[in-house]
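Novice: mind folding the following:
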Amino acid sequence: MKNLRFAGVLAGVAIVCATTAFAADKGNMKVYDPITVNGMQLSPGDYGLQWEGTGNNVQLKILRGKQVLTTTPATLEQLQKPALANMVATRNDNEHGKVLTGIMFNGKKYALTIGSGSSQTDVAKR
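Specialist: Sure, this is the predicted structure:
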């Protein structure tokens, strides 16, 4: 009886772990000019991205190596067609300079929108 109960608990833990693994997704972003994300300025370079959440609302982590530099709310948007390249969208802000507003991923039918994203002025392809 104890072995059966243990097997049930183990199966439950496996389901929770599998669900958690699918709740997160990853990507990369190349920054060519300094940009600001959630008040933090990122210098030009390569960054890792990781987001998790349910539905379209996610928490986006921007990483350099394994270090989380900043976290910001984002919206996962579905695209009609896969993106043709990795792209970073920004808008100009008088206080912070260029501010990140969106990210598209080559070959993927989704994009991340940060903030309102309504006045995108610059798109950098990688």
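Novice: quick one: residues contacting the residue nearest to A83 when sequence neighbours are not counted.
Specialist: Among residues not flanking A83 along the chain, M104 sits closest, at 4.0 Å (C-beta to C-beta, 6 or more residues apart in numbering). Every C-beta, even on glycine, is put in place using the N, C-alpha and C of the backbone. Residues in contact with M104 (C-beta atoms under 8 Å, 6 or more residues apart in numbering) are 79, 83, 85-87, 89, 111.
Novice: mind listing the strands for the protein?
Specialist: 24-31, 35-37, 40-42, 45-52, 57-64, 67-78, 87-93, 97-104, 110-113, 122-125 (DSSP state E).
Novice: and the fifth one, which residues are buried?
Specialist: Meaning strand 57-64. Across strand 57-64, burial judged by 16 or more other C-beta atoms under 10 Å covers 58, 60-63.
Novice: which of these lies closest to N28?
Specialist: The shortest approach to N28 among the buried residues of strand 57-64 belongs to L63, at 9.7 Å (C-beta to C-beta).
Novice: quickly note the distance from that closest one to N92.
Specialist: Look at L63 and N92: by C-beta to C-beta, to the nearest Å, they are 25 Å apart.
Novice: can you count the residues close to T54?
Specialist: Applying other C-beta atoms under 10 Å, we find 7 residues neighbouring T54.
Novice: low-scoring stretches of the protein, by residue?
Specialist: Low-confidence segments of the chain, defined by pLDDT under 70, are located at 1-24, 116-126.
Novice: quick one, what contacts Q80?
Specialist: Going by C-beta under 8 Å, 6+ apart, Q80 touches K109.
Novice: how close does it get to N57?
Specialist: Separation of Q80 from N57 (C-beta to C-beta) stands at 21 Å.
Novice: just V37 next, same as before
Specialist: 17 Å.
Novice: repeat that for L100.
Specialist: For L100, the distance to N57 equals 17 Å [C-beta to C-beta].
Novice: and if you look at V99?
Specialist: 19 Å.
Novice: likewise for E95?
Specialist: On the measure of C-beta to C-beta, E95 and N57 end up 25 Å apart.
Novice: returning to what we had before: may I see the ChimeraX selection of the buried members of the contacts of M104?
Specialist: In ChimeraX, a selection of the buried entries from these looks like this (16+ other C-beta under 10 Å):
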select :83,86,87,89,111
